[in-house]
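> A predicted structure for the sequence below; I have some questions about it.
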Amino acid sequence: LFSIALFDQLLVQYRNTPLEQTLRIVFDKIYQSLPEKVSVQSSFLTSKLSFIPEAVAKINPSVFEALFIALKLQRTIEFEYRPLQKNTWMKRHFDPYHAICSHGNWYMIGFCHLKKQMRVFSFSRIKNICITDSCFVIPSDFNPDEHFDREMGVWVSAKEKYFIELLFDKEVGTYAIEYQ
């Protein structure tokens, strides 16, 4: 029963992706294999308990699928991308090296042919994707951990690290301490 509760949390990570439906089918099969009688502490089954999932951007299923095919086959992709700072779509050629799901949002790290450097692209801001016939090799020194932080998330700007000191009002100090 505990495993089913954990599986439900896993489903949240795949919300708005093509994998969501497949995982729901797996979840249903596991659920159906349980004995008819299952006991749960009744205090957890109440309308006085709510879960607020993270807000996630919608991803076109064809984009999601194409990105993972290109990632697996190590093939260059072409697509149109809308950066955060612009309202226009830009054509990109990109070698996808690694996918990340951070707080329910999906990103791809790889080499951008236009910028001639490593970049991180959000799945939700990609359209008109095409897998090319060009293959690539991921550099042996590539380390995905250099592009995101397991606590802070995905780095979308320069990799240079800055050390900052934050001052919190005493009214929110306890909250800030909880999340360090």
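Here it is on my side, so go on. Numbers count the residues shown, from 1 in each chain.
> ok, residue 176 - contacts?
166, 168 (Cβ atoms under 8 Å, 6 or more residues apart in numbering). The way it works is simple: take the backbone N, C-alpha and C, and place the C-beta from them, glycine included.
> mind running it again at 6 Å?
Neighbouring residues of residue 176 by Cβ atoms under 6 Å, 6 or more residues apart in numbering: residue 168.
> Just say helix, strand or coil for the closest residue to residue 97 other than its chain neighbours.
Leaving aside its chain neighbours, residue 97 sits nearest to residue 110 (4.3 Å; criterion: Cβ to Cβ, 6 or more residues apart in numbering). What DSSP: H, G, I helix; E, B strand; the rest coil gives for residue 110 is strand.
> Also the one 10 residues further on?
In the three-state summary, residue 120 is assigned as strand, counting by three-state DSSP.
> for residue 69, same thing?
Judged by three-state DSSP, the three-state class of residue 69 is helix.
> hey, which strand is longest across the protein?
Longest strand in the chain, counting residues (DSSP state E): strand 90-102.
> neighbouring contacts of that one?
Taking Cβ under 6 Å, 6+ apart as the rule, strand 90-102 contacts 13, 70-71, 76-81, 107-114, 136, 138, 142, 144, 148, 153-154.
> Could I get the buried residue list for whichever strand or helix holds residue 128?
Under the criterion of DSSP states H and E, residue 128 resides in strand 126-135. Applying a neighbour-count criterion of 16 or more other Cβ atoms under 10 Å, one finds 126, 129, 131 buried in strand 126-135.
> Please apply the same query to stretch 54-61.
Within stretch 54-61, the residues scored as buried using 16+ other Cβ under 10 Å are 56, 59-60.
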